[in-house]
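> return atomic coordinates for the entry below.
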Amino acid sequence: VRPDLILANGPGTCVPVLYSAFLFRLFWLLGGGSHYCKTIFVESLCRVKTLSLSGRLVYPIVDRFVVHWPHLKRKFAMVEVCDALVPCDTQDTGREE
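Numbering: from 1, shown residues only. Take a look at the predicted model:
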């Protein structure tokens, strides 16, 4: 089975899955492969000021990291803000709409 995407939403059990995908990607790319599974981590809505432990562990290895609170974008450069549940203005996120 070769998934195209792993979407993880924050429980600690996702950490070994995402690291396994990262290791498979490393071996796959070293072996000359061109297709690999993309990984997205969605942080919990209740993480307002900081990232969860799971989030901090997978932050360096995922392709995309999604948070719900705009001010977390100022602390962590790689995050993307999903403002579907928490409306925000564009100056908080750095995005233009």
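> nearest spatial neighbour of residue 40, chain-adjacent residues omitted?
Nearest non-adjacent residue to residue 40, counting by CB to CB, 6 or more residues apart in numbering: residue 64, 4.5 Å away. C-betas here are computed from N, CA, C, even on glycine.
> that neighbour: what's it in contact with?
38, 39, 40, 41, 80 (CB atoms under 8 Å, 6 or more residues apart in numbering).
> neighbouring contacts of the longest helix that the chain contains?
Counting residues, the longest helix found in the chain (DSSP state H) is helix 14-30. The contact list for helix 14-30 (CB under 8 Å, 6+ apart) reads 6, 8, 35, 36, 37, 39, 41, 54, 57, 58, 61, 62.
> what do you get if the cut-off is 6 Å, keeping everything else the same?
Residues outside helix 14-30 that contact it (CB atoms under 6 Å, 6 or more residues apart in numbering): 6, 8, 36, 37, 39, 54, 57, 58, 61.
> what comes up buried for the helix or strand that comes right after it?
As assigned by DSSP states H and E, the chain's next helix or strand after helix 14-30 is strand 38-42. Within strand 38-42, the residues scored as buried using 16 or more other CB atoms under 10 Å are 39, 40, 41, 42.
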